[in-house]
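Enquirer: Structure, please.
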Amino acid sequence: MARRTAKFVCQSCGYRSVKWKGRCPACGEWNTLVEEPAEEENLRRIKAPERPRPIYEWEGEFAERLTTGFRNLDAVLGGGLVPGQVVLIAGEPGIGKSTLLLQVSERFSRYGKVLYISGEESGNQIAVRARRIGVFSENVLLLPETHLEVILNAVEEENPSLVIVDSVQTVYSERLESSAGSVAQVRETAFRISEACKVKGTPAFLVGQITKEGTIAGPKVLEHIVDTVLQFEGERFNFYRVVKAVKNRFGSTGEVAVFKMTDKGLEEIEEPSAFFISERTGSPGSVIFPYTEGSRPILLEVQALVLHALYTTPQRRTQGFDVNRLSLILAVLEKEAGVFTRDSDVFINIAGGMSVREPAVDLAVALAVVSSKREEPLPEDIVVFGELGLSGEVRAVHFGDLRLKEARRFGFERAIVPKNLHMEDTDIELIPVSNIREAIEVVF
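Expert: Okay, the predicted model is just below:
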């Protein structure tokens, strides 16, 4: 019998200590160290050791892709599911994660059995939702269970073509005495399910809960264990949902799929650009930005609102954009372009619920702020992109050709771009600028 010892594990970051501490030395959180048993034994490996082979003998990316039944979701995954791929999908409660995966189960069942494991809802609750959205396939097997060893036995016996665990934070292993959802349990559960699926070549979806800050609950190692991390975004009381890849070992990140929630489940929106700019009014503070982090560009509307501050300290608020980056842009506008906002409240919004992290949006945000400050709208046929340096220079960004092609496809005729951007022949008029002052003079 294995000798058991006690260790204290931080429930926020996974830091381990042999004694209790009030504050975690690693992440600085208070009262997060919880006592957990640790077995001093080598855990049994599920798969046999591999022998070294020449790299060209490995199948790698030539493995056949399996479609989820949603064309845009396949694109986000890099072309479909790879055998043995483990996908973590996280989002707000009630946003539609279980609904999407039930629909994927129905469409994926043509490959064979789909094992849907529910740790949050009873079988009857899921059956009611399944009937409402039209999931009737006899190959969709439902197992309400939270015991990890029972789940692994079911995977071994049923040999499914797809495994769905909803959610990984509710599953516990009898090897550990801590409660479900703890750092140790989430790490153990995710690792053993992932290992079992990779041995059998079975793709798997793990549903992840999120914290009140919007991050995935559990240890950071959870995101390292899985192959792909999908973020399910959108307002619970809005019709539209956005699925975005933030990590993908089998494709590019930044790919986006847009869905509409209906009483029959989620429906794909084939043209995300048309969706995001469909309600644009052309008012001051509105700028169209061609966004891309993956292979497919999307036109987004960047909105700015600049108001006279009522209090001594002006507000800086953002939705879908880094507030610290906004502070840098406002400082550059003041020093290099003479646009003062120190006595104004500034609000930035990326319309449609998208979050943009790439620096190519800097110039669009800056011009949106100037437009709202001056109460002068930009011409409706212009798109804007470029990175803004601290000395006011506009720097070149990647994927310029793809951005311009998408803009031209939706009727935009002009583009304000960095002067150093190397472009091929294009049928859209380019307005190259070298600094923020020049960009403002060109537009206004």
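Enquirer: ok, then the element right after the host helix or strand of Glu195?
Expert: Assigned by DSSP states H and E, Glu195 belongs to helix 183-200. Downstream of helix 183-200, the first helix or strand assigned by DSSP H and E is strand 204-208.
Enquirer: got the CA positions of stretch 363-374 in CSV?
Expert: The C-alpha trace of stretch 363-374 is given here as CSV (Å, rounded to 0.1, in the frame of the first residue of the first chain):
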residue,chain,number,x,y,z
LEU,A,363,-4.4,53.2,-35.3
ALA,A,364,-8.1,52.5,-35.5
VAL,A,365,-8.5,53.1,-31.8
ALA,A,366,-6.6,56.4,-32.0
LEU,A,367,-8.6,57.7,-34.9
ALA,A,368,-11.8,56.6,-33.3
VAL,A,369,-10.9,58.7,-30.2
VAL,A,370,-10.0,61.7,-32.4
SER,A,371,-13.2,61.3,-34.3
SER,A,372,-15.4,61.3,-31.1
LYS,A,373,-13.4,64.2,-29.6
ARG,A,374,-13.9,66.4,-32.7
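Enquirer: What segments of this protein are helices?
Expert: Ranges of helices in the chain, per DSSP state H, are 71-76, 97-108, 123-133, 148-158, 183-200, 221-225, 272-277, 323-337, 362-374, 400-409, 436-443.
Enquirer: Including mean neighbour count, could these go into JSON lines?
Expert: Quick note: C-beta positions are derived from backbone N, CA and C, even for glycine. Conversion of the helices of the chain to JSON lines gives the following (neighbours: other C-beta atoms under 10 Å):
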{"stretch": "helix 71-76", "mean neighbour count": "20"}
{"stretch": "helix 97-108", "mean neighbour count": "23"}
{"stretch": "helix 123-133", "mean neighbour count": "14"}
{"stretch": "helix 148-158", "mean neighbour count": "16"}
{"stretch": "helix 183-200", "mean neighbour count": "21"}
{"stretch": "helix 221-225", "mean neighbour count": "17"}
{"stretch": "helix 272-277", "mean neighbour count": "20"}
{"stretch": "helix 323-337", "mean neighbour count": "17"}
{"stretch": "helix 362-374", "mean neighbour count": "25"}
{"stretch": "helix 400-409", "mean neighbour count": "19"}
{"stretch": "helix 436-443", "mean neighbour count": "19"}
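Enquirer: which helices and strands sit right next to the helix holding Glu195?
Expert: Counting contacts by 3 or more C-beta pairs under 8 Å, 6 or more residues apart in numbering; DSSP states H and E, helix 183-200 is packed against strand 4-10, strand 86-91, helix 148-158, strand 162-166, strand 204-208, helix 221-225.
Enquirer: got the CA positions of it in CSV?
Expert: Taking C-alpha atoms only, helix 183-200 is exported to CSV below (Å, rounded to 0.1, in the frame of the first residue of the first chain):
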residue,chain,number,x,y,z
VAL,A,183,-6.3,21.9,-8.3
ALA,A,184,-5.1,18.4,-7.8
GLN,A,185,-8.4,16.8,-9.0
VAL,A,186,-8.7,19.0,-12.1
ARG,A,187,-5.1,18.3,-13.0
GLU,A,188,-5.4,14.5,-12.4
THR,A,189,-8.8,14.3,-14.2
ALA,A,190,-7.7,16.2,-17.3
PHE,A,191,-4.4,14.3,-17.6
ARG,A,192,-5.9,10.8,-17.3
ILE,A,193,-8.8,11.5,-19.7
SER,A,194,-6.4,13.1,-22.2
GLU,A,195,-4.0,10.1,-21.9
ALA,A,196,-6.7,7.6,-22.4
CYS,A,197,-8.1,9.4,-25.5
LYS,A,198,-4.7,9.8,-27.1
VAL,A,199,-3.9,6.1,-26.6
LYS,A,200,-7.2,5.1,-28.3
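Enquirer: Give me the contacts around it.
Expert: Identification of contacts with helix 183-200 by C-beta atoms under 8 Å, 6 or more residues apart in numbering yields 9-12, 14, 36, 46-47, 84, 86, 88, 148, 151-152, 155-156, 159, 163, 165, 168-169, 171-173, 175-176, 178-179, 203-204, 206, 217-219, 221-222, 225-226.
Enquirer: just to revisit the earlier point, including distance to Thr312 and mean pLDDT, could the helices of the chain go into JSON lines?
Expert: Shown next, in JSON lines, are the helices of the chain (distance: least, C-beta to C-beta, whole Å; pLDDT from 0 to 100):
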{"stretch": "helix 71-76", "distance to Thr312": "45", "mean pLDDT": "92"}
{"stretch": "helix 97-108", "distance to Thr312": "43", "mean pLDDT": "94"}
{"stretch": "helix 123-133", "distance to Thr312": "51", "mean pLDDT": "92"}
{"stretch": "helix 148-158", "distance to Thr312": "55", "mean pLDDT": "95"}
{"stretch": "helix 183-200", "distance to Thr312": "43", "mean pLDDT": "90"}
{"stretch": "helix 221-225", "distance to Thr312": "41", "mean pLDDT": "87"}
{"stretch": "helix 272-277", "distance to Thr312": "36", "mean pLDDT": "86"}
{"stretch": "helix 323-337", "distance to Thr312": "17", "mean pLDDT": "96"}
{"stretch": "helix 362-374", "distance to Thr312": "20", "mean pLDDT": "96"}
{"stretch": "helix 400-409", "distance to Thr312": "41", "mean pLDDT": "91"}
{"stretch": "helix 436-443", "distance to Thr312": "28", "mean pLDDT": "94"}
